[in-house]
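Visitor: got a sequence here, can you build the structure:
(one chain, ligands or ions: 2)
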Amino acid sequence: MAAITLKDIVKKYGDGFPAVNGVSLDIADGEFVILVGPSGCGKSTLLRMIVGLEDITDGDLEIGGVRVNEKAPKDRNLAMVFQNYALYPHLTVAENIAFPLRLHKGAFTEDEIQAKIAHAAETLELTDHLDRKPANLSGGQRQRVAMGRAIVREADAFLFDEPLSNLDAKLRGQMRTEIARMQRRLGTTTVYVTHDQTEAMTLGDRVAVLRKGELQQVASPRALYEQPVNLFVAGFIGSPPMNFMPGEVADGQITLPFGTFTMPDRIAQAVGDRSLVIVGLRPEHFEDAALVEESKKGTGETFDADVDVTEWLGSELYAYVPFQTHPDVAAKLEELDRDLDGEGMRTQFIVGLDSASRVRDGDTTTLWFNPEKMLIFDPEGGENLTRDLDEVARLDRENEEDRKASLARAHRNAAAAEGGQTDGGQLKAVS
Ligand SMILES: Nc1ncnc2c1ncn2[C@@H]1O[C@H](COP(=O)(O)OP(=O)(O)OP(=O)(O)O)[C@@H](O)[C@H]1O
Ligand SMILES: [Mg+2]
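Guide: Ligands and ions are numbered 1, 2, ... in the order given. Okay, here's the model as predicted:
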């Protein structure tokens with residue numbers, strides 16, 4: 001077990017390109033931290049520097065309070081799980097799991113090795129497959145073998161680089177819960193790289209968002225979603241993504257592409273003396289006006305929208321509404337779209353309506369939204385002007401309490417298991 005501290009970490013590859021540019025991050029002992037960001041933002045580079053597969057150009061890396069910049073990977077006692085599992089095809093599952101133990105010749109007796117294999121196999125429900133070869137296993141089983149290899153080493157931390165990206169959606173979901181459960185049970189510090197924001201939001205205690213080698217924000221999933229620092233984080237976190245549109249301000253009123261509305265005080269304060277801002281509204285901030293209860297209607301505004309396409313998904317209905325953007329914010333939004341690896345569809349907004357809505361393709365319909373929910377971004381720098389620091393602090397506090405509680409629960413369970421009780425039933429119930 002160990003804390004991992006990154007201080008001003010820089011990585012310049014041979015051609016001088018700064019793949020990671022001054023990243024500082026404190027990862028607590030037992031914490032599960034996700035590194036997320038678009039392709040090429042430096043996630044793998046950062047992970048490979050932590051594990052020692054890549055030299056650190058500048059800055060300090062500490063594991064358990066000790067500077068390890070110059071230590072070889074084998075002396076850092078970290079276990080890395082790759083996307084392609086790196087299993088040995090000619091070895092059985094048992095021997096694949098035992099591999100790191102056998103590397104240290106003489107360090108463990110044969111009995112110890114067998115006991116460790118058995119324990120890891122039980123944790124990962126691989127006991128029935130120990131004599132099989134990797135080629136005969138499903139993707140999820142292979143993944144678990146790779147994790148077994150990490151477990152037996154009793155490493156100080158687990159490092160994962162997109163471990164699930166080769167799996168189909170269903171298995172990915174299963175493995176996601178499995179990894180989360182295992183991390184809680186073992187209480188091992190974990191750094192997990194992904195560009196899948198569902199994984200980022202569901203797995204981590206905290207999520208670190210990277211853009212072009214620079215850290216944008218590190219926070220709990222909820223704080224990222226509700227209190228993003230800037231346009232980039234707001235646009236990256238959430239699916240379907242947040243809608244961005246121009247907001248022209250005059251006389252306490254804000255004009256959005258779909259109408260002019262009175263600004264609530266909080267919004268007016270955030271806008272200040274700007275005459276043009278970028279407004280963010282998440283799809284779920286809209287509703288089909290026909291389905292909004294009378295009592296709630298007065299808390300928001302309604303407007304008519306020409307719906308282009310609808311997608312009915314059972315639990316909700318997405319409707320796409322095209323709009324004209326403002327030339328003064330178009331460049332900023334295009335730049336944002338490029339940064340986000342976007343599909344270039346920022347001139348329509350997406351509303352997520354109740355699935356009972358009868359809105360269909362080509363309809364003109366009345367939509368409802370609550371202007372209090374608007375996020376206001378500076379049109380030049382892109383920072384979120386509506387960010388509420390008290391709320392951020394509250395969310396951080398809550399998140400830290402939750403993390404400590406779940407870690408304590410994990411330790412209690414582990415102690416109970418040592419005492420002869422098994423929590424195997426609990427494990428099986430979820431899988
Ligand atoms: N060996 C290398 N030599 C030179 N540049 C490299 C090397 N490896 C990576 N880079 C560059 O460093 C940047 C970060 O790469 P990295 O692999 O860390 O990105 P990533 O966030 O993991 O992306 P992905 O989601 O596509 O895996 C990229 O611009 C990439 O071109
Ligand atoms: Mg990568």
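Visitor: which residues does A28 contact?
Guide: A3, T189 (C-beta atoms under 8 Å, 6 or more residues apart in numbering). In this view, the C-beta of every residue, glycine as well, is placed from N, C-alpha and C.
Visitor: for L61, see how far away it is.
Guide: Counting by C-beta to C-beta, to the nearest Å, the separation of A28 from L61 is 16 Å.
Visitor: again with L35
Guide: 14 Å.
Visitor: of these two, who's got more company?
Guide: Between L35 and L61, counted using other C-beta atoms under 10 Å, the more crowded position is L35 (29 against 20).
Visitor: any residue of the one helix or strand that one maps to touching ligand 1?
Guide: Using DSSP states H and E, L35 sits within strand 32-36. No. Residues of strand 32-36 contacting ligand 1 under C-beta under 6 Å from any ligand atom: none, with a closest distance of 8.1 Å.
Visitor: so what does that strand touch, helix or strand wise?
Guide: Where contact means 3 or more C-beta pairs under 8 Å, 6 or more residues apart in numbering; DSSP states H and E, strand 32-36 is packed against helix 43-51, strand 189-194, helix 197-203, strand 206-211.
Visitor: describe which strands it pairs with in its sheet and in which direction.
Guide: strand 189-194 (parallel), strand 206-211 (parallel) (DSSP bridges).
Visitor: can you give me the offset of that strand from its chain's centre?
Guide: 6 Å (C-alpha atoms, centre = their mean, to the nearest Å).
Visitor: how about it as PDB, C-alpha atoms only?
Guide: Extracted as PDB, the C-alpha positions of strand 32-36 are listed here (Å, rounded to 0.1, in the frame of the first residue of the first chain):
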ATOM      1  CA  PHE A  32      -8.800   4.900  -6.900                       C
ATOM      2  CA  VAL A  33      -7.800   7.700  -9.300                       C
ATOM      3  CA  ILE A  34      -8.800   7.800 -12.900                       C
ATOM      4  CA  LEU A  35      -6.800   9.600 -15.600                       C
ATOM      5  CA  VAL A  36      -9.100  10.600 -18.500                       C
END
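Visitor: relative to A305, which of the strands paired with strand 32-36 is closest?
Guide: Of all the strands paired with strand 32-36, it is strand 206-211 that lies closest to A305, at 31.1 Å by C-beta to C-beta.
Visitor: need the contact partners of that closest one.
Guide: 23, 25, 31-38, 41-43, 46, 200-201, 215-221, 224, 232-233, 236-237, 339, 399.
Visitor: once you drop chain neighbours, what's closest to the spatially most central residue of the chain?
Guide: Nearest residue to the geometric centre of the chain (C-alpha atoms, centre = their mean): A200, 1.6 Å. Excluding the flanking residues, the one nearest A200 by C-beta to C-beta, 6 or more residues apart in numbering is V36, at 4.1 Å.
Visitor: again, but for R274
Guide: V249 is the one closest to R274 (C-beta to C-beta, 6+ apart), at 6.3 Å.
Visitor: how far off centre is the host helix or strand of that neighbour?
Guide: Per DSSP H and E, V249 falls inside strand 243-250. The chain centre lies 28 Å from the centre of strand 243-250; the measure is C-alpha atoms, centre = their mean.
Visitor: ok so, going back, in CSV, list the strands paired with strand 32-36 along with mean pLDDT, distance to ligand 1 and mean neighbour count.
Guide: Conversion of these to CSV gives the following (pLDDT from 0 to 100; distance: least, C-beta to the nearest ligand atom, whole Å; neighbours: other C-beta atoms under 10 Å):
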stretch, mean pLDDT, distance to ligand 1, mean neighbour count
strand 189-194, 94, 7, 26
strand 206-211, 96, 7, 24
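Visitor: and this structure, which of its residues are near ligand 1?
Guide: 13, 15, 17, 19, 37, 39-45, 195.
Visitor: and if we set it to 5 Å?
Guide: Y13, A19, S39, G40, C41, G42, K43, S44, T45, H195 (C-beta under 5 Å from any ligand atom).
Visitor: emit the PyMOL select command for whichever of the residues you listed are buried.
Guide: For the buried members of these, the matching PyMOL selection, counting by 16 or more other C-beta atoms under 10 Å, is:
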select buried, resi 19+41+42+43+44+45+195
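Visitor: can you tell me the element the nearest residue to S138 once chain neighbours are set aside falls in?
Guide: Spatially, and ignoring its direct neighbours in sequence, S138 is nearest to L171 (7.5 Å; C-beta to C-beta, 6+ apart). Element membership for L171, per DSSP H and E: helix 169-186.
Visitor: for that helix, which outside residues touch it?
Guide: Contacts with helix 169-186, where a contact means C-beta under 8 Å, 6+ apart, come from 32, 123-124, 138-140, 143-144, 147, 151, 158, 160, 163-164, 167, 190, 192, 198-199, 202-203, 406-407, 409-410, 413-414, 423, 427, 430-431.
Visitor: quick one: neighbours of E95, just the number.
Guide: 16.
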